[in-house]
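Enquirer: curious how this folds, go ahead:
(one chain, ligands or ions: 2)
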Amino acid sequence: MPLVRMKGITKHFGGIVANKDISVDLIPGEVHALLGENGAGKSTLISILSGMCHPDGGEIHIDGEVARIHSPQDAIARGIGTLYQHFMLWESLTVAENIVLGSEGHAVVLRLQEVVDRINHLSRNYGLNVDPNAYIWQLTVGAQQRVELIRILFHQADIIILDEPTAVLGPQEVGSLGEILKSLAAEGKTILFVTHKLDEVMRFSHQVTVLRDGRNVGTFRTDQVKPEQIAILMVGHQVPSAINTTHPLGPTVLEVSTLSALNARGLPALKQVSFTVRAGEILGVGGVEGNGQEELASIITGLWKSQSGTVTLNGVDITNASPSFIARVMGYIPSDRVGTGLIPRLSLALNTTLRSQARRSGVDRWLLDLKAIRRRAQDLIATYRVHPSDPDLPAHQLSGGNQQRLLIGREVSLDRRLIIAAQPTRGLDIDATYQVHQLFVDLSFKQVAILVVSTDLEELLKICHRILILSRGEIAGTIDPDTTDRTAIGLLLAGQKGDPRAV
Ligand SMILES: Nc1ncnc2c1ncn2[C@@H]1O[C@H](COP(=O)(O)OP(=O)(O)OP(=O)(O)O)[C@@H](O)[C@H]1O
Ligand SMILES: [Mg+2]
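Expert: Ligands and ions are numbered 1, 2, ... in the order given. Down below sits the predicted model:
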């Protein structure tokens, strides 16, 4: 007997049909996976279920009754807890304070100490490893996600909805989140989770629903369907799995030498890290998030300061250069696409100019260029298949994956000889992920040097010429994707101490 029945849910945004007559049943004790291409309507359906957004048509039934969910408070009152694609935490507050604030409207006024105790209890029970007194800004994305999950459990939600929870996690963390979801289901909770990864669907879900162009194109028992069938339903064709990356490499472009730095908490984040990236080389930096990867990318791109050591580009020292200088010499795809990457309220057209504007000066120049900016943006939108394609739309109206396409398009079209890419395919559907991999490999054939930081080891193995594993700020080992076997990689990763900032 389903606990949640969504019946004929329809939602338009202007001329766009985000959800069209979608019906899905969610059963207690089961994990239900929801997947589909970027822009297929997954987040919209979730927003409707969690009261963030109003459907134009259709009904939601909970426990056999029509549920009127007009606000997030209504959803929480009906036992629905949601983990969104973009987290909803106050950076400058602690974990416990965030959870207290989220409890406003609950009848009982909670004392902070009680909250701290309950967080510790939930954290232990579910193996979530969250310190109630840590500030959000000190936490890695993986740890912030565990805070969101604690918040949901704190409110005793029976229905737990997660929008792409694994996109921000490394392989081990994905495994443990999957186990947590399965054990929550075993306790009788009803779970709906969005993912782009077919192996997660196969490993963690009981049922799977595929959306395409806003419609439900199929709901299956997971054990009765093959991943290839799901892929074809989702994107309409097979997605190739291997890419040829072999070609000669050129001279050294980027050299990082004995680089040391502290993290935002003042603790050592990088210790004497040295490596080079050659022209035409794709160098991967892998490992569990929070082991120095983010600091490394930030220092190279001028957004964080090193303590000692040097960064040179084509032999020129660029250590601790300003971000505006760096913008002129390399492309940068940051891991947080809204924030460092895009400005959500600006139009797509203006977002495409954010980094190239560093070169220009004078308001007149800017005004005169508006037409040209729009035209160039239209080209970029077409090349990188951003949907919808209207350059005047504000960026926040794009789905997560389409924002990522815009960001990648902007940085790649700057035509730099070096690109730093952090979690470049986070949130992209399988087809778009393949396109980005192919794009990077094509650029490497044109002798562009690329540094890819990713928690997704499969991604690094597919496209990189070499992979460094960072562990506690040090290079724990180097992987040659062609010769290193899986057991050796497993041992390298197993040797990792995990996430030092997550305490
Ligand atoms: N607030 C909004 N205003 C206008 N259009 C929107 C808004 N939110 C979503 N859309 C549009 O609705 C469609 C569905 O978007 P949605 O975010 O649900 O996709 P998704 O399946 O979650 O994609 P992704 O995998 O990229 O996260 C897209 O075309 C998107 O641009
Ligand atoms: Mg989405």
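
Enquirer: quick one: buried residues of stretch 391-406?
Expert: Neighbour-count burial for stretch 391-406 flags 391, 393, 395, 397-406 (criterion: 16 or more other CB atoms under 10 Å). No exception for glycine: its C-beta is placed from N, CA and C like everyone else's.

Enquirer: reformat those residues as CSV; add secondary structure and distance to ligand 1.
Expert: Shown next, in CSV, are those (DSSP: H, G, I helix; E, B strand; the rest coil; distance: CB to the nearest ligand atom, whole Å):
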residue, secondary structure, distance to ligand 1
Pro391, coil, 14
Leu393, coil, 7
Ala395, helix, 10
Gln397, helix, 4
Leu398, coil, 5
Ser399, coil, 3
Gly400, helix, 4
Gly401, helix, 3
Asn402, helix, 6
Gln403, helix, 8
Gln404, helix, 8
Arg405, helix, 9
Leu406, helix, 11
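
Enquirer: within reach of ligand 2, which of these are there?
Expert: Ser399, Gly400 (CB under 5 Å from the ion).

Enquirer: farthest-separated two in the buried residues of stretch 391-406?
Expert: Pro391 and Gly400 (19.1 Å; CB to CB).

Enquirer: give me the low-pLDDT residue ranges for the stretch 351-500 of the chain?
Expert: Scanning the stretch 351-500 of the chain for pLDDT under 70 picks out the ranges 356-368, 494-500.

Enquirer: correction: the previous question concerned the stretch 201-350 of the chain.
Expert: For the stretch 201-350 of the chain, no range has pLDDT under 70.

Enquirer: in it, what residue is nearest ligand 2?
Expert: Residue nearest to ligand 2 within the stretch 201-350 of the chain: Leu211 (10.3 Å; CB to the ion).

Enquirer: pretty sure Asp317 contacts Val311?
Expert: Yes - between Asp317 and Val311 there is a contact at 7.5 Å, judged by CB atoms under 8 Å.

Enquirer: of the two, who's got more company?
Expert: For Asp317 versus Val311, neighbours defined as other CB atoms under 10 Å are more numerous around Val311 (22 against 11).

Enquirer: separation between Ile60 and Ile27?
Expert: Using CB to CB, to the nearest Å, Ile60 is found at 15 Å from Ile27.

Enquirer: and for Arg111?
Expert: In terms of CB to CB, Arg111 sits 37 Å off from Ile27.

Enquirer: so which helix or strand takes in the closest residue to ligand 2 within the chain?
Expert: Nearest residue of the chain to ligand 2, counting by CB to the ion: Ser43, 3.1 Å away. In the assignment (DSSP states H and E), Ser43 maps to helix 42-49.

Enquirer: counting by contacts, list what the next helix or strand after that helix packs against.
Expert: Downstream of helix 42-49, the next assigned helix or strand under DSSP H and E is strand 57-62. Here strand 57-62 touches strand 4-13, strand 16-26, going by 3 or more CB pairs under 8 Å, 6 or more residues apart in numbering; DSSP states H and E.

Enquirer: in a markdown table: these, plus mean pLDDT, distance to ligand 1 and mean neighbour count.
Expert: Formatted as a markdown table, the helices and strands packed on strand 57-62 follow (pLDDT from 0 to 100; distance: least, CB to the nearest ligand atom, whole Å; neighbours: other CB atoms under 10 Å):
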| stretch | mean pLDDT | distance to ligand 1 | mean neighbour count |
| --- | --- | --- | --- |
| strand 4-13 | 97 | 3 | 18 |
| strand 16-26 | 97 | 3 | 20 |
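
Enquirer: touching, Val66 and Gly58? I think so.
Expert: No - the pair formed by Val66 and Gly58 falls short of the contact definition of CB under 8 Å, at 10.8 Å.
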